[in-house]
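In: generate coordinates for the sequence data below:
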Amino acid sequence: MGEEIPELRILKPDEVELEDFEPVDPKAREMALAILTDIKAQGEEGLLKYARKFGEIPKDSSKFILSKEELKAAFEGLPKDQQGILTRTAARIRVFAEGQRASVKPMEMDIAGGRAGQTVEPVRRAGCYAPGGRYPLPSSVLMTAVTARAAGVAEVIVASPKPTEVTKGAAYVAGADCLLAVGGAQAIGAMAYGAGVPGVDMIVGPGNQWVTAAKSIVNGVCGIDMLAGPSEVLVIADSDADPEVVAADLLAQAEHDPNARPILVTHEASVITNVNAALKKQLAVLPTRDVAIPAVRKGFAVLTKDIAGSIEVTNRLGPEHLEIQTKNFQEVADACKSFGGLFIGKMAAEVLGDYGAGPNHVLPTACTAKYTGGLSVHTFLRLRTWMRIDDQVACQEQVHDAVALARLEGLEGHARAAEKRLLVPPNGYDAKKQKTT
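Out: Got it, this is the predicted structure:
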C-alpha cells in the first residue's frame, strides 16, 4: 500500500507563523569550516583531497577544471534542440539583465564649492555556483553566469559537481571562462581562497546546506548574494483561478525539496477545497512525489475574510515566489509589497520565471524578501561615490560645520583636519552671509 496522499492543511490568518529562519545549520557549518580551513591552508591539494573524498573526481585524477574549449565541445555535442533551448533561454535572461544594467548609471551634481557623484563598476571576478545533487540545474548556470556577464564582470567561473553535458553546455552559452567540476563547501572554498582557480570577488547561486554554511563563512573574504533556504511559493487565488493550474504551480515548488513550502491564500473556502482535490489527484501520479509529499505536509492554505486579508498575510510572509491568480490580478499585485519574485495573472507561471522568461530565479526565501531582493546585475556592481572641491571660498560653510560636528563627537583630529581647509579662523566666519569676513 502506497503512502497516503496529503493535502494542504487549513490555517486562520492569526495561526500563520513566520518561518523560523536559521540559514546555517550548526552541524553543516562545523563540517564546512573544517573543509574551508584545509583548503585555505593547503590550496589546491586541500581541494583535491575533498573532491576525491566525495567522489567528484577519481582518486587517481587531478583534473577538476573544464576549460572554455571543453565547454564549447560539450555544447556542440548536444542535440540541436537542446542547443536551441540553452541559447534562447540565455538570450532572454541577457536582455532583461542588460535592461537592469542600463538602469544604473554614473551621475554627478553640484555641491558647495565643487562636484560630487557616483561611479558604477562591476566586480572583477565572480564565482557562480549551480547545484548538481538531486537535480542538476543548468538553468541556474544561465541565471548566474549570464547575469554576471551582463553586469560587465570580466571573468566568470562556474562551479557545479559532476556536471552533465547540458550543464557544461549551459556554462559555455553563459560565457563562463571555465567550470570547476566540484561542489559543496569545497567549491566555495576554492573560489573564495583561490585554490585551483583564481580567487573571486563575489560568489552567487543556490546550493545545499553545506554550500550555504560555506558562503556564510567566506562572506567578507569575498561578497555573497544571500543565504537562502528551501524554496517556497505562495499563490493568492479566488474563484476566478483554475484549481488545476494552482495545484500544478504548488507542486512545481514542492518537488524541489522535502522542506519546500507550497502556500495557498484565499478568502473563499471553495478555492481551498477545489485546489486540494486537484493537488491530491496530481500528486498521486507525480514522478517526484517522494520529494513533494513531505513538502505538501509542510505547506498550508490560509482562509482569510477578504482579499485585503489575503494581501496582509502575504505581506507578512514575504514569500520567495508570489503568484496572483485572481480576477483583479493587477490591483492585487500592486498592493503586495513583500516578495522575492512576482508573477501576475494565471499565465505568468512561476516555472516560466525559473526557466528564463527574463527576471532572475535566484530569490530570497523564508521571509527575507521583507528586506532584500533576488540576484540581479546589481549584485555584481559597486556604486562608489566621489567628491571634488574646486572653490575654497564657496565650501567654507560646510568646512565650518565639519569642524563643529567633529568637536560635538569628541574627535579633535577630525576637527583640526577640517580646519586646515579654512580661509580664516572660525570666529571670522559669518554662516548666515555664507562668506568670509
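
In: so which residues of the stretch 51-200 of the chain form strands?
Out: 65-67, 107-111, 114-122, 125-129, 155-159, 178-180 (DSSP state E, counting those that start in this stretch).

In: of those, which approaches residue 316 most closely?
Out: strand 125-129 (30.7 Å; CB to CB). In this view, the C-beta of every residue, glycine as well, is placed from N, C-alpha and C.

In: list the buried residues for the lengthiest helix in the chain?
Out: The residue-count maximum for a helix in the chain (DSSP state H) belongs to helix 80-102. By neighbour count on 16 or more other CB atoms under 10 Å, the buried set for helix 80-102 is 82-83, 85-86, 89-90, 92-94, 96-98, 100-101.

In: show me the shaky parts of the stretch 1-150 of the chain.
Out: By pLDDT under 70, the weakly predicted segments of the stretch 1-150 of the chain are 1-2, 19-21.

In: buried stuff in stretch 40-55?
Out: In stretch 40-55, counting by 16+ other CB under 10 Å, buried: 40, 43, 44, 46, 47, 48, 50, 51, 52, 54.

In: closest to residue 305 out of the residues you listed?
Out: residue 54 (51.6 Å).

In: that closest one: what's its closest spatial neighbour, skipping adjacent residues?
Out: residue 184 (6.6 Å; CB to CB, 6 or more residues apart in numbering).

In: contacting residues around the one you found?
Out: 35, 50, 54, 161, 207, 208, 210, 211, 214 (CB atoms under 8 Å, 6 or more residues apart in numbering).

In: can you pull up the bridge partners for residue 65?
Out: Under DSSP bridges, the beta-bridge partners of residue 65 are residue 180.

In: going forward can the numbers begin at 56, since that is how I track them
Out: I'll keep to 56 as the first residue from here, and by that count the last item is residue 120.

In: contacts for the helix or strand containing residue 100?
Out: Of the helices and strands defined by DSSP states H and E, residue 100 is found in helix 99-108. For helix 99-108, contacts defined as CB under 8 Å, 6+ apart pick out 90, 93-95, 97, 112-114, 116-117, 119, 237, 239-241, 244-245, 250-251.

In: count of residues packed around residue 230?
Out: Look at residue 230: counted by other CB atoms under 10 Å, it has 18 neighbours.

In: I'd assumed residue 204 was in contact with it.
Out: Yes - using CB atoms under 8 Å, residue 230 makes contact with residue 204 at a distance of 4.5 Å.

In: and for these two, which residues touch both?
Out: With CB under 8 Å, 6+ apart, residue 230 and residue 204 have common neighbours residue 211.

In: ranges for the helices of the stretch 256-405 of the chain?
Out: 264-273, 298-309, 324-339, 344-353, 362-372, 384-390, 405-409 (DSSP state H, counting those that start in this stretch).

In: those: lowest mean pLDDT?
Out: Mean pLDDT values for the helices of the stretch 256-405 of the chain show the minimum at helix 405-409, a mean of 91.

In: right, and the helix or strand after that helix?
Out: Helix 405-409 is succeeded, C-terminally, by strand 436-444 (DSSP H and E).

In: for that following strand, packing partners?
Out: Using 3 or more CB pairs under 8 Å, 6 or more residues apart in numbering; DSSP states H and E as the contact test, the elements touching strand 436-444 are strand 169-177.

In: direction included, what does the strand it packs on pair against?
Out: In the sheet, strand 169-177 lines up with strand 162-166 (antiparallel), strand 436-444 (antiparallel) (DSSP bridges).

In: that older thread, using TSV, lay out the buried residues of stretch 95-110 together with distance to residue 224.
Out: Below are those laid out as TSV (distance: CB to CB, whole Å):
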residue	distance to residue 224
95	32
98	30
99	26
101	30
102	24
103	26
105	26
106	22
107	26
109	24
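
In: returning to what we had before: reformat the strands paired with strand 169-177 as a markdown table; add mean neighbour count and distance to residue 273.
Out: Putting these into a markdown table (neighbours: other CB atoms under 10 Å; distance: least, CB to CB, whole Å) gives the following:
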| stretch | mean neighbour count | distance to residue 273 |
| --- | --- | --- |
| strand 162-166 | 12 | 32 |
| strand 436-444 | 13 | 18 |
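
In: please identify which of these is closest to residue 400.
Out: strand 436-444 (31.0 Å).

In: after the closest one, next one along is what?
Out: Counting by DSSP H and E, what follows strand 436-444 is helix 451-463.

In: and the nearest residue to residue 447 once chain neighbours are set aside, how many neighbours?
Out: Closest residue in space to residue 447, ignoring its immediate chain neighbours: residue 478 at 6.3 Å, by CB to CB, 6+ apart. When neighbours are defined as other CB under 10 Å, residue 478 has 13 of them.

In: what helix or strand is residue 478 on?
Out: Going by DSSP H and E, residue 478 is not part of any helix or strand.

In: tell me how far it lies from residue 166.
Out: Distance from residue 478 to residue 166, counting by CB to CB, to the nearest Å: 18 Å.

In: now list the buried members of the contacts of helix 99-108.
Out: 90, 93-95, 112, 119, 237, 239-241, 244-245, 250-251.

In: which of the residues you listed sits closest to residue 342?
Out: For those, the nearest to residue 342 is residue 239 (26.4 Å; CB to CB).

In: could you measure from that closest one over to residue 262?
Out: With CB to CB as the criterion, residue 239 and residue 262 are 8 Å apart.

In: same check on residue 446?
Out: From residue 446 to residue 262 the distance is 53 Å (CB to CB).

In: the two: which has the busier surroundings?
Out: Applying other CB under 10 Å to residue 446 and residue 262 shows that residue 262 carries more neighbours, namely 26 against 10.

In: in contact with the more buried one, which residues?
Out: 184, 186, 238, 239, 243, 270.

In: try 10 Å
Out: Shown in contact with residue 262 (CB atoms under 10 Å, 6 or more residues apart in numbering): 184-188, 195, 214-216, 238-240, 242-243, 268-270, 283.

In: buried subset of those?
Out: 184-187, 195, 214-216, 238-240, 242-243, 268-270, 283.

In: next, count neighbours for the nearest residue to residue 390 once chain neighbours are set aside.
Out: Distance criterion CB to CB, 6+ apart; nearest residue to residue 390, sequence neighbours excluded, is residue 366 at 4.9 Å. For residue 366, the neighbour count with other CB under 10 Å is 22.
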